[in-house]
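Engineer: here are the coordinates; sequence isn't available:
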């Protein structure tokens, strides 16, 4: 018998790792929908992009799945899971659980008209949103902010760092594509954090791998 029904389902090995990190199931009332079933349903939604209401019946009532997803989001369960799994991945790669270096970048993506707050990025000639991403040297996500596409990169980066710098007190080096003014802003918030600018090569035609920047570009991909 196959251990998964859909390609997006957790394997038994993945579930064995994840199960101890999830909140304990309530012992009152009727037995709740199993955590693994909920996780598989959420992963299916992420992989296929389907609406909650269009979840296959195999997963049970969509209201139950969405209700659990929202409850865990409000309680910070997803953030805690992500942080613990990132620490494990870093340890497996021979890194300290707490990163000392990070890379910051942004990407403009198209979005549908009904996708909430959007803007027009004149430089990229794209209407949509802008994703501001902070990753470690393995490309694992440390923080993310989503803004309308017309948000200046510096403003989006400041929005992101103002929220997450207090979480990563061990950071000592930050690679960015911003200029001296942004570096000065960072120093006012974290004097010991060294900012190194990895500028784009304006005279180079076609695709060119940039030092350190390729790591965050891979995460975007």
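Structural biologist: Yes, it's here. These figures come from a predicted structure and were not determined experimentally.

Engineer: can you show me the strands along this structure?
Structural biologist: 101-110, 119-121, 126-136, 141-148, 173-176, 194-197 (DSSP state E).

Engineer: mind giving me the packing neighbours of the longest one?
Structural biologist: Packing partners of strand 126-136 (3 or more C-beta pairs under 8 Å, 6 or more residues apart in numbering; DSSP states H and E): strand 101-110, strand 119-121, strand 141-148, helix 153-164, helix 213-220. For every residue, glycine as well, the C-beta is placed using N, CA and C.

Engineer: okay, now the unreliable bits of this structure?
Structural biologist: Scanning the chain with the threshold set as pLDDT under 70 gives 1-4, 27, 29, 113-116, 178, 200-211.

Engineer: quick check: domain ranges of it?
Structural biologist: 12-75, 96-220 (automatic domain parsing).

Engineer: most neighbours per residue, which of those domains?
Structural biologist: Comparing the domains of the chain by mean neighbour count (mean count of other C-beta atoms under 10 Å), domain 96-220 ranks first with a mean of 16.

Engineer: end to end, how far does that domain reach?
Structural biologist: 23 Å (C-alpha to C-alpha, to the nearest Å).

Engineer: check stretch 157-173 too.
Structural biologist: 15 Å.

Engineer: contacts for it?
Structural biologist: With contact meaning C-beta atoms under 8 Å, 6 or more residues apart in numbering, stretch 157-173 is reached by 96, 98-102, 104, 106, 132, 134, 142-145, 147, 176, 178, 182, 185-186, 189-190, 192-194, 196.

Engineer: just give the nearest non-adjacent residue to residue 44, would you?
Structural biologist: Take residue 44 and drop its neighbours on the chain: the residue closest to it by C-beta to C-beta, 6 or more residues apart in numbering is residue 8, 4.8 Å away.

Engineer: same list, the domains of the chain, but as CSV with distance to residue 90 please.
Structural biologist: Shown next, in CSV, are the domains of the chain (distance: least, C-beta to C-beta, whole Å):
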stretch, distance to residue 90
domain 12-75, 15
domain 96-220, 6
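
Engineer: for residue 83, which of these is the nearest?
Structural biologist: domain 96-220 (8.7 Å; C-beta to C-beta).

Engineer: ok now that closest one, how far from the chain's centre?
Structural biologist: Distance of domain 96-220 from the chain centroid (C-alpha atoms, centre = their mean, to the nearest Å) equals 12 Å.

Engineer: so the helix ranked longest in the chain versus strand 126-136, what angle?
Structural biologist: Criterion DSSP state H: the longest helix present in the chain is helix 77-92. In terms of direction (axes from the mean of the first three to the mean of the last three C-alpha atoms, to 10 degrees), helix 77-92 departs from strand 126-136 by 50 degrees.

Engineer: just checking, what packs against helix 77-92?
Structural biologist: strand 141-148.

Engineer: so what strands line up beside the strand it packs on?
Structural biologist: With DSSP bridges as the test, strand 141-148 is paired with strand 126-136 (antiparallel).

Engineer: now do the partner strand and helix 213-220, the angle between them.
Structural biologist: Put simply, strand 126-136 runs at 120 degrees to helix 213-220, going by the same axes, to 10 degrees.

Engineer: and residue 81, what is it in contact with?
Structural biologist: By C-beta under 8 Å, 6+ apart, the residues touching residue 81 are 18, 21-22.

Engineer: ok, and what's touching stretch 120-128?
Structural biologist: 108-111, 115, 118-119, 130, 149-150.
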